[in-house]
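A.B. asks: Okay, here's the prediction I keep looking at, along with the sequence it came from:
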Amino acid sequence: MQSIKPYTHTHTHTNNMHLQAHTFSSSSSFHLNRNHLNNLTPFKTLASANKPLYGTGVVFRRTGSRQFPVLKQLNRRGAVNLSSEGQNPSTSAETMRNVVEHICLLKAKVDLSDEDEKNMLDFLYTCQYQMRGILAISLGRISNQNLEGYTHAVFMRLQKKEDLSKFYENPFYLGVLKDHVTPYCHEFTYFDYESEVEDDILPIFRKGEEFNFGVEYILLIAFKESSLGEVADDVLTSFAKLLMEFPSLIVQFTKGSNFNPDSKDYTHAVVIRFRSSDAFDIFMGSSEYKDIWRSKFHPITEKKLSISFSVDPVGKELM
């Protein structure tokens, strides 16, 4: 696997609107443990985490002066929620909110100019202000090369499936595709899954200082048909537990089963926000990550597609 860098998002279109995949790689392997994390200069120690952090799968670049939270719980649908270290997860009940996660991968034309790319991403980003039900959005240029040739990615959170259906048919969105996406892209694919996040404004809308920076990582997996159900769920639960061991690297993540009828290439999706590009490289290069793929994922996985893109504050890169 190769390491992934800054993020971007793009939108491509095909008549069948099918979904495809791409691969991801990481840096050399090394062992992660709390002693190692405590010695990392870019990150604060876990013991210093005393500030709440909310959201799903966020990575931040400017972590040297930030306080990192401790993961609180993994809910049944796979959202990792963060809370202050002082709270006891066994005694602090949390209300969860159902959400729908939407992923769009695009293949831009080779002659796409910087100006056209910026306009395309800007118009896609503004969709959240033109239609109801969109809670959050991140997008950017994919940092890692992939065999499928995807160049941009969009991650969007909606309130419920009904909002997703309306989104696909929204005149403003269809106009953006026609005028600002299709002319510059030759294919796009969709994935959708349900998950849960903490029922609070910051985690639901992915707002707050911690959500301004980071690395968005999207993992699409096609499990073998014989493993769908309990076996696949157990593997994803094991993966979630591993992610929860490293709150200094990972803010939050969601996972779920892909229900998009036009994208059957992949059965499940995971979206993770890392705190920084360094955090991303550390985790992806760790022996723990490689071990879980070798021992649990590899035996039951037909294929996977992993991509990442950088997250920057609005106004710096896109607007």
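C.D. replies: That came in fine, so what should we check first?

A.B. asks: CA atoms of the longest helix seen in the chain as PDB?
C.D. replies: Secondary structure of the chain read by DSSP state H shows that its longest helix is helix 230-244. These are the backbone C-alpha positions of helix 230-244, laid out as PDB (Å, rounded to 0.1, in the frame of the first residue of the first chain):
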ATOM      1  CA  GLU A 230     -22.200 -12.200  10.700                       C
ATOM      2  CA  VAL A 231     -18.700 -13.000   9.500                       C
ATOM      3  CA  ALA A 232     -18.300  -9.600   7.700                       C
ATOM      4  CA  ASP A 233     -19.800  -7.800  10.700                       C
ATOM      5  CA  ASP A 234     -17.400  -9.400  13.100                       C
ATOM      6  CA  VAL A 235     -14.400  -8.300  10.900                       C
ATOM      7  CA  LEU A 236     -15.700  -4.700  10.800                       C
ATOM      8  CA  THR A 237     -16.200  -4.700  14.500                       C
ATOM      9  CA  SER A 238     -12.600  -5.900  15.100                       C
ATOM     10  CA  PHE A 239     -11.500  -3.100  12.800                       C
ATOM     11  CA  ALA A 240     -13.500  -0.600  14.700                       C
ATOM     12  CA  LYS A 241     -12.000  -1.800  18.000                       C
ATOM     13  CA  LEU A 242      -8.500  -1.300  16.500                       C
ATOM     14  CA  LEU A 243      -9.400   2.300  15.400                       C
ATOM     15  CA  MET A 244     -10.700   3.100  18.900                       C
END
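
A.B. asks: could you say what helices and strands that helix packs with?
C.D. replies: In terms of contacts (3 or more C-beta pairs under 8 Å, 6 or more residues apart in numbering; DSSP states H and E), helix 230-244 is packed against strand 70-74, strand 80-83, strand 214-223, strand 250-257, strand 268-274, helix 287-292. Every C-beta, even on glycine, is put in place using the N, C-alpha and C of the backbone.

A.B. asks: and stretch 156-170, which residues are buried?
C.D. replies: By neighbour count, and taking 16 or more other C-beta atoms under 10 Å as the criterion, the buried residues in stretch 156-170 are Met156, Arg157, Leu158, Gln159, Asp163, Leu164, Phe167, Asn170.
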